[in-house]
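1. no sequence for this one, just the structure:
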């Protein structure tokens, strides 16, 4: 890879990372929110490297003297002719993520991924606090599943709950799931949590909705035989949350 | 399509720009920009066609692109850290520092270097360039490899993540620490016993500080070179990992939960194919509830040491002959150590 292309890929890479992390929330489609400072620093560093390289490239005598010195550098050691001035061709691959990030960024994972994964096992919980007295009760998909399958006091019974997620149509049949995808590091380790919906027509896949409803009686409530399912009272389209990869409560402003 | 067209063209363009025999030089030199522009035009045309046809927006391809980009974006800061560190070691640290810190006998230097892995918190991508520059500065390869394997597995960040992912199960954290450290040390000793220098591509770039040259410029050039080089291989590894990630649904796993031995081997293979970063693999392991604790431990020990993106990075840094032997041996040793340690502790 020639030096001008090195400069281009470094600068574009820096701009791309800054675009995705500093100026927009694009990075949340791929990694955790906690990565933001690291990504901003990396973007700035890449930009700096590119500018520094361009600066030294601009001054011709210094640049060529430099290339010369590097070209002869490994003579004593290997004779491989491997120098800093020439970067292997594999570096061209870096243009793919860089251009993709800048001009054609893929969306967050959604119904396709969720429909192919067995839902994440909810963690065991011994003690459940009383549900808040408000109605409907805002609750996360994980909490709902846990309440239904583990709360021996059956506090969820007869209560109207509100949950937000996206629509994942059932592969076999006409039903659908309310779904969230959760990541612990990046989108490569995505896991899904699903609640089966009854009594409402499925909207198109990946539509973000807020649903009101009560537990759909199937199995014994408070034991693992109870299915995580909801008799839907109403479905309302909502905007996709900025950070879609968390199992968060319904936003209060949308109510 | 996009992903295969563009690198090929990139290579052609680089090939066209390669030095040519003197006689043909003037004509080729004049044609070079033309060829390059033509290549670019073909790629652009393909891209436009793909976008128009909507092939890139197929859910499968979208998921593939998202996972591929996610692995790259997640690893980039750590790769930058590793290559910066490697550049700094090369330009600023005199070789005698390492010879005075590490024990003289290589057999002793191996476990010491393995323990030193604690100081490099972060993903595994950072450790490959650092290990390479250590070898370039005269550290015995065996010790450098022990460091390479232990750094992503025994650092505080990863162990904390493991403790969070397995609440109320400190034995898992201890087992991971011991099994990872044992694997790193055994691999270092194995290299002393069986390793051959000729498997390693000569570390041509790391010549250290040259008298009369600016250290800062050496640092910057070395950093940039290593980053672009390793970054290319990172993208290659991310593409392979994304392919398996999207092609193999997790529900396939349920078929292997029955047999304890099969499940250990299967999760080791899964760790290699999925290439989840070492800070996150504990959470993935915790989610594989159908499997025995030993199989899950194997997943966490193999993952940071061998996976598709690491194999690509190692092949790029140390050469293919090395990467093939080293990855195979590491997988076997890691599985054995996990089964032994897990069998006692879990």
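-> Right, received. Where do you want to start? These numbers come from a predicted model, not from an experiment. Residues are numbered from 1 along each chain as shown, chains lettered A, B, ... in the order given.
2. Near chain A, which residues of the stretch 51-200 of chain B are found?
-> B:51, B:56, B:59-60, B:62-63, B:65-74, B:76-77, B:80, B:84, B:165, B:167 (Cβ under 8 Å from any Cβ of the partner chain). Where you see a C-beta, it was placed from the backbone N, CA and C, and this is true even at glycine.
3. Buried members of those into PyMOL, please.
-> A single PyMOL command suffices to select whichever of those are buried according to 16 or more other Cβ atoms under 10 Å in any protein chain shown:
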select buried, chain B and resi 56+59+62+63+65+66+67+68+69+70+71+72+73+74+76+77+80+84+165
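4. Which of the residues of the stretch 51-200 of chain B next to chain A fall in strands?
-> If you go by DSSP state E, those have nothing in strands.
5. Could you list the low-pLDDT ranges of chain A?
-> Within chain A, the stretches with pLDDT under 70 are A:59-86, A:252-255.
6. tell me the domain boundaries of it?
-> What the record gives for chain A is the domain set A:3-103, A:111-254, from automatic domain parsing.
7. which residue does the stretch 201-346 of chain B bring closest to chain A?
-> Minimum separation of the stretch 201-346 of chain B from chain A (Cβ to the nearest Cβ) falls at residue B:280, amounting to 2.8 Å.
8. how about the residue lying closest to that residue once chain neighbours are set aside, what does it touch?
-> Counting by Cβ to Cβ, 6 or more residues apart in numbering or on different chains, residue A:185 is the residue found nearest to residue B:280 once chain neighbours are left out, at 2.8 Å. By Cβ atoms under 8 Å, 6 or more residues apart in numbering or on different chains, the contact list for residue A:185 reads A:31-32, B:74, B:276-277, B:279-280, B:283.
9. cool, and residue A:87?
-> Residue A:87 is in contact with A:1, A:6, B:225, B:228-229, counting by Cβ under 8 Å, 6+ apart.
10. Okay, and which of the residues you listed map to helices?
-> A:6, B:225, B:228-229 (DSSP state H).
11. quick check, stretch A:35-54 touching chain B?
-> Yes. Against chain B, stretch A:35-54 shows contacts by Cβ under 8 Å from any Cβ at A:35, A:38-39, A:41-42, A:45-46, A:49, A:52-53.
12. Show me the strands in the stretch 51-200 of chain A, by range?
-> For the stretch 51-200 of chain A, applying DSSP state E, counting those that start in this stretch gives strands covering A:137-138, A:161-169, A:176-182, A:191-198.
13. Reformat those as CSV; add distance to chain B and mean neighbour count.
-> Listed next are these as CSV, based on distance: least, Cβ to the nearest Cβ, whole Å; neighbours: other Cβ atoms under 10 Å in any protein chain shown:
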stretch, distance to chain B, mean neighbour count
strand A:137-138, 25, 18
strand A:161-169, 11, 23
strand A:176-182, 9, 24
strand A:191-198, 6, 22
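14. Any chance of JSON lines for those, columns distance to residue B:290?
-> Output for the strands of the stretch 51-200 of chain A, formatted as JSON lines (distance: least, Cβ to Cβ, whole Å):
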{"stretch": "strand A:137-138", "distance to residue B:290": "32"}
{"stretch": "strand A:161-169", "distance to residue B:290": "22"}
{"stretch": "strand A:176-182", "distance to residue B:290": "19"}
{"stretch": "strand A:191-198", "distance to residue B:290": "14"}
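15. among the ones you listed, which is nearest residue B:43?
-> Residue B:43 sits nearest to strand A:176-182 of all the strands of the stretch 51-200 of chain A, at 32.4 Å, using Cβ to Cβ.
16. which secondary structure elements does that closest one contact?
-> Counting contacts by 3 or more Cβ pairs under 8 Å, 6 or more residues apart in numbering or on different chains; DSSP states H and E, strand A:176-182 is packed against helix A:111-116, helix A:141-150, strand A:161-169, strand A:191-198.
17. need the contacts of residue A:87 in TSV with neighbour count and distance to residue B:259, can you?
-> Below are the contacts of residue A:87 laid out as TSV (neighbours: other Cβ atoms under 10 Å in any protein chain shown; distance: Cβ to Cβ, whole Å):
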residue	neighbour count	distance to residue B:259
A:1	24	48
A:6	24	51
B:225	24	48
B:228	23	45
B:229	22	42
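18. Right, and chain B sits closest to which residue of the stretch 151-255 of chain A?
-> residue A:185 (2.8 Å).
19. Quick check: the gap between that residue and residue A:164.
-> 23 Å (Cβ to Cβ, to the nearest Å).
20. Nearest to residue B:40 among the helices and strands packed on strand A:176-182 would be which one?
-> helix A:111-116 (32.1 Å).
21. Grab the most central residue of chain B for me.
-> Geometric centre of chain B, nearest residue: residue B:310, 2.3 Å, by Cα atoms, centre = their mean.
22. pLDDT at the closest residue to that one other than its chain neighbours, what is it?
-> Nearest residue to residue B:310, sequence neighbours excluded (Cβ to Cβ, 6+ apart): residue B:124, at 5.7 Å. According to the predicted model, the pLDDT of residue B:124 comes to 75.
23. do residue B:225 as well
-> Note on residue B:225: pLDDT of 85.
24. coming back round to it: how about the helices and strands packed on strand A:176-182, which one is nearest residue A:251?
-> Across these, residue A:251 has its closest neighbour in strand A:161-169 (7.2 Å, Cβ to Cβ).
25. helices or strands up against the closest one?
-> Secondary-structure packing of strand A:161-169 (3+ Cβ pairs under 8 Å, 6+ apart): helix A:111-116, strand A:137-138, helix A:141-150, strand A:176-182, strand A:191-198, strand A:208-215.
26. how does it look with 10 Å?
-> Counting contacts by 3 or more Cβ pairs under 10 Å, 6 or more residues apart in numbering or on different chains; DSSP states H and E, strand A:161-169 packs against helix A:111-116, strand A:137-138, helix A:141-150, strand A:176-182, strand A:191-198, strand A:208-215, strand A:229-237.
27. closest to residue B:189 out of these?
-> Nearest to residue B:189, of the helices and strands packed on strand A:161-169 and by Cβ to Cβ, is strand A:191-198 at 38.0 Å.
28. Let me see the contact set for residue B:304.
-> B:123-124, B:127, B:149-155, B:158, B:176, B:180, B:183, B:271, B:276-279, B:281, B:310, B:334 (Cβ atoms under 10 Å, 6 or more residues apart in numbering or on different chains).
29. how about the helices of the stretch 201-346 of chain B, start to end?
-> Here the stretch 201-346 of chain B has its helices, by DSSP state H, counting those that start in this stretch, at B:215-247, B:260-274, B:281-287, B:293-302, B:308-318, B:320-345.
30. Quickly, which of those helices bottoms out on average pLDDT?
-> Among those, helix B:281-287 has the lowest mean pLDDT, at a mean of 79.
31. buried set for that one?
-> Buried residues in helix B:281-287, counting neighbours by 16+ other Cβ under 10 Å, are found at B:281-287.
32. same check, this time on stretch A:36-44
-> By neighbour count with 16+ other Cβ under 10 Å, stretch A:36-44 contains the buried residues A:36, A:38-40, A:42-43.
33. same question, stretch B:78-96
-> Buried residues in stretch B:78-96, counted by 16+ other Cβ under 10 Å: B:78-91.
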